[in-house]
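Engineer: Structure for the following, please:
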Amino acid sequence: MKNEGGITLVALIITIIILLILATVSIKLVLNNGIISKADKSTNQYIEEQIKISYADYKAAKFDNETKTLEEFIEDSLKNKFHNNNIKNVKTSENTITVTVITPNKDKIYVYDIRTDVIGETED
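Structural biologist: The predicted structure is shown next:
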């Protein structure tokens, strides 16, 4: 019998198994407990902390700089922290600071309640 140089059945099965393993790993990266959702969660926590820090900086600098409003101060502070200018707008009221952040999929709105020191997040 002539020995032909083709792919054997064993080599084909091993290749399919390796592809299935790679597909499984890739799918886990996309699901809720994967790396992408953890990165989103970390980004949200970072933004929330930067809003709180910006407000604390405003309270500390309030007596030194009377020219900027709370809204202007928070917006400038956040835009300096996020060099890529993802801050769409900042609005303030008596008890809240609302920050809209541009994200690849949807804009996210963070509402910081000054009285309770709690931040809520929604999507626009």
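
Engineer: Could you pull up phi and psi at the residue most central in space within the chain?
Structural biologist: Closest to where the C-alpha atoms of the chain average out (CA atoms, centre = their mean) is Thr43, at 3.2 Å. Summarising the backbone geometry of Thr43 under the convention degrees, to the nearest 10, its torsions are phi -60, psi -40.

Engineer: ok, residues contacting the helix or strand harbouring Thr15?
Structural biologist: Taking DSSP states H and E as the definition, Thr15 sits inside helix 9-30. Contact partners of helix 9-30, identified using CB atoms under 8 Å, 6 or more residues apart in numbering, comprise Gly34, Ile35, Ile36. Every residue, glycine included, has its C-beta placed from N, CA and C.

Engineer: got a list of what the first one touches?
Structural biologist: Meaning Gly34. Shown in contact with Gly34 (CB under 8 Å, 6+ apart): Lys28.

Engineer: could you measure it against Val99, distance?
Structural biologist: Gly34 sits at a distance of 27 Å from Val99 (criterion: CB to CB, to the nearest Å).

Engineer: Please give the number of neighbouring residues around Val101.
Structural biologist: The criterion is other CB atoms under 10 Å. On that basis, Val101 has 20 neighbouring residues.
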